[in-house]
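Engineer: Sharing a model prediction with you, sequence too.
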Amino acid sequence: MKKISLLAILVMPALFFSGCKKSAGNSTVAPSSADSYLPVTAGSSWDYYAQVAGYTDTISIKMTGLTTKINGTDFFTATGVSHFNKAIVENFYEASHLYVERYTIGGDIYATNIDVVLLNDTLAVGHNFTAAVTAIGGVDVQPMRIINTTVEKNITKVVGGKSFSGVIHTRVQLQNDSGSGFETNSIYDYFMVKGIGIIEMDSSAPGGAIDETQTIMNYTVK
């Protein structure tokens, strides 16, 4: 089964956003707080170093303070630039202890949006939950879901030569059902810190070594 890359959409050509129900324009909704595992406050920004499929890149993301209503939910909008590729638009949801990032998979006319729950910060270590990635439970006619497991809490991790404490480590298995039951397609490990955001994301195929990674270089949370 071919692994679906979430990291690659940030640095590879053909970044498209389609297939979701959006409102006619942007609006402003106050985020709960910058003291969050995914700060969405206006002006907050992050620089990442990415290694994907033999390519390296520097990615800069900044929250705009605007929101886009998608399927009735307010997603906070970020813009940025991939120096290897082009301009980036990202959408995040942060409320009620859930932290979600909207990804685009595929490319060209086949691009599809999926919503990936990165973290439920109330979940104990070793516990997991299952969530759909689209409002209809899949992509096209194929069911798709994620299983999110809290692997570690309150750990210390060194990323890019910097030591971060209070880190939560979650593992997201992206699964699809092609007719014989759900199978894990790709695995994503997220490392998040309250008041900072995502400090590292690693990707692998089931049973394989890490083949994609994204690590924080600099950040400003407002």
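Structural biologist: Looks like it arrived, so ask away. Numbering: from 1, shown residues only.
Engineer: okay, and for this structure, where does confidence drop off?
Structural biologist: Residues of the chain that meet the criterion pLDDT under 70 lie in 1-32, 85, 105-111, 135-141.
Engineer: That one: strands as residue ranges?
Structural biologist: Along the chain, counting by DSSP state E, strands occupy 45-52, 55-70, 73-82, 87-95, 98-105, 112-120, 128-132, 138-139, 142-159, 162-177, 182-193, 197-204, 210-220.
Engineer: Using a markdown table, lay out those strands together with mean neighbour count and distance to residue 39.
Structural biologist: Every residue, glycine included, has its C-beta placed from N, CA and C. As requested, these are exported to a markdown table (neighbours: other Cβ atoms under 10 Å; distance: least, Cβ to Cβ, whole Å):
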| stretch | mean neighbour count | distance to residue 39 |
| --- | --- | --- |
| strand 45-52 | 19 | 9 |
| strand 55-70 | 18 | 7 |
| strand 73-82 | 19 | 9 |
| strand 87-95 | 19 | 8 |
| strand 98-105 | 21 | 10 |
| strand 112-120 | 21 | 13 |
| strand 128-132 | 14 | 22 |
| strand 138-139 | 18 | 29 |
| strand 142-159 | 16 | 17 |
| strand 162-177 | 18 | 14 |
| strand 182-193 | 19 | 10 |
| strand 197-204 | 22 | 6 |
| strand 210-220 | 17 | 9 |
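Engineer: Reformat the ones you listed as CSV; add distance to residue 36.
Structural biologist: Below are the strands of the chain laid out as CSV (distance: least, Cβ to Cβ, whole Å):
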stretch, distance to residue 36
strand 45-52, 13
strand 55-70, 11
strand 73-82, 11
strand 87-95, 6
strand 98-105, 8
strand 112-120, 10
strand 128-132, 19
strand 138-139, 29
strand 142-159, 16
strand 162-177, 12
strand 182-193, 9
strand 197-204, 8
strand 210-220, 13
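Engineer: What residues are bridge-paired with residue 120?
Structural biologist: Note on residue 120: beta-bridge partners by DSSP bridges are residue 98.
Engineer: And for the one 10 residues further on?
Structural biologist: In this entry, residue 130 is beta-bridged to residue 147, by DSSP bridges.
Engineer: That one touches residue 144, doesn't it?
Structural biologist: No. Residue 130 is beyond contact range of residue 144, at 11.4 Å (criterion: Cβ atoms under 8 Å).
Engineer: how far away is residue 53 from residue 161?
Structural biologist: 24 Å (Cβ to Cβ, to the nearest Å).
Engineer: Oh, that last question was meant for residue 112, not what I typed.
Structural biologist: Where residue 161 is concerned, residue 112 sits at a distance of 37 Å (Cβ to Cβ).
Engineer: do residue 169 as well
Structural biologist: Residue 169 is 19 Å from residue 161, by Cβ to Cβ.
Engineer: what do you get for residue 56?
Structural biologist: Distance from residue 56 to residue 161, by Cβ to Cβ: 17 Å.
Engineer: Need the outlier residue of the protein, farthest from its centre.
Structural biologist: residue 180 (27.5 Å; Cα atoms, centre = their mean).
Engineer: So what sits opposite residue 46 in the bridge?
Structural biologist: residue 61, residue 219.
Engineer: ok, it - contacts?
Structural biologist: By Cβ atoms under 8 Å, 6 or more residues apart in numbering, residue 46 lies in contact with 60, 61, 197, 198, 216, 218, 219.
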